[in-house]
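Peer 1: Quick one, fold the following:
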Amino acid sequence: MKHSKRYNTAYGLYDRQKRYELDEALKTLKAIPASKFDETVEVHLNLGVDPRKADQQIRNSLVLPHGTGKVSRVLVFAEGEKADEARNAGADHVGLDDLIEKISGGWFDFDVVITTPTMMGKIGKLGRVLGPRGLMPNPKVGTVTMDIGKAVEESKGGKIAYRVDKFANLHIPAGKISFSPEKLKDNIKAILAAVLKDRPPTMKGVYIKSITLCTTMGPGIKLHIASATLEAKS
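Peer 2: Next up, the predicted model:
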């Protein structure tokens with residue numbers, strides 16, 4: 001595959017065999033020539049879990065200390081008082097039957113879906129279209145809740161959800177490259193701390209096998225695992 005001049009320049013700024021300290025990795029990311037848009041800084045982890053086992057499915061959410069740099073478009077399935085609560089909290093789309101019909105017709109102009117437990121029976125049929133996009137509400141990540149206002153505010157304020165894929169990888173946004181190194185570091189430490197807490201009690205062996213930082217269009221920089229996880233615990 002032929003890469004861009006910028007991509008090749010980025011590759012020349014670091015040693016692909018080295019495992020970097022977090023501060024050094026962020027400094028290197030910042031040194032890569034800027035692209036035409038504000039790229040997302042991503043954390044990619046390969047875990048030692050077996051995703052085929054129900055008790056080793058890593059799925060959770062957290063609110064990043066400094067947000068993601070993106071304001072999420074929040075859709076809420078609710079009626080009555082809960083619908084009013086969602087609107088007051090800043091939800092972008094609120095409704096029920098009308099939204100179900102729009103989504104069934106192929107409309108997906110939203111990033112997060114929130115609802116109450118009582119609404120799940122009605123929206124369950126959307127699982128086949130929302131599920132593959134990672135948008136189906138789930139109580140484990142806080143998107144099925146009676147506290148609609150809080151859920152909307154958190155989603156607007158930088159809450160992210162993550163889930164291990166079939167290859168035992170996690171792909172988690174940590175902010176924008178325009179963030180200061182200090183803010184990116186805080187967000188990355190929060191991500192690593194959350195993932196460490198998610199370790200299944202039944203698994204044996206190495207939990208985190210690799211940690212890689214990259215920007216949307218840039219190559220990956222591998223972190224020194226022991227050092228990065230130690231910082232996350234501090």
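
Peer 1: now Tyr162, nearest residue through space, not along the chain?
Peer 2: Ile172 (4.9 Å; C-beta to C-beta, 6 or more residues apart in numbering). (C-beta placed from N, C-alpha, C; glycine too.)

Peer 1: ok, so what distance separates that neighbour from Ser104?
Peer 2: 30 Å (C-beta to C-beta, to the nearest Å).

Peer 1: now do Glu85
Peer 2: According to C-beta to C-beta, Glu85 and Ser104 sit 25 Å apart.

Peer 1: out of the two, which sits in the busier spot?
Peer 2: Counted by other C-beta atoms under 10 Å, Glu85 and Ser104 do not tie: Glu85 has more neighbours, with 21 against 12.

Peer 1: So which residues make contact with the stretch of helix or strand the more buried one belongs to?
Peer 2: Using DSSP states H and E, Glu85 sits in helix 80-89. Contacts with helix 80-89, where a contact means C-beta atoms under 8 Å, 6 or more residues apart in numbering, come from 76, 78, 94-95, 114, 116, 146, 148-150, 152-153, 156.

Peer 1: how about that helix: buried residues?
Peer 2: By neighbour count on 16 or more other C-beta atoms under 10 Å, the buried set for helix 80-89 is 82-83, 85-87, 89.

Peer 1: next one: stretch 27-34
Peer 2: Going by 16+ other C-beta under 10 Å, stretch 27-34 has these buried residues: 28-30, 32.

Peer 1: cool, and stretch 57-64?
Peer 2: Buried, per 16+ other C-beta under 10 Å, within stretch 57-64: 58, 60-64.

Peer 1: likewise stretch 206-217?
Peer 2: Applying 16+ other C-beta under 10 Å to stretch 206-217 flags 207-208, 211-215, 217 as buried.

Peer 1: Off-centre distance for that stretch?
Peer 2: 13 Å (C-alpha atoms, centre = their mean, to the nearest Å).

Peer 1: for this protein, what spans make up the helices?
Peer 2: Listed in chain order, the helices of the chain (DSSP state H) span 5-11, 22-31, 80-89, 97-104, 120-123, 127-130, 148-156, 181-197, 225-233.

Peer 1: can you redo these as TSV with distance to Val71 and mean pLDDT?
Peer 2: Below are the helices of the chain laid out as TSV (distance: least, C-beta to C-beta, whole Å; pLDDT from 0 to 100):
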stretch	distance to Val71	mean pLDDT
helix 5-11	27	65
helix 22-31	23	93
helix 80-89	13	97
helix 97-104	20	96
helix 120-123	24	94
helix 127-130	21	94
helix 148-156	6	94
helix 181-197	16	97
helix 225-233	26	92
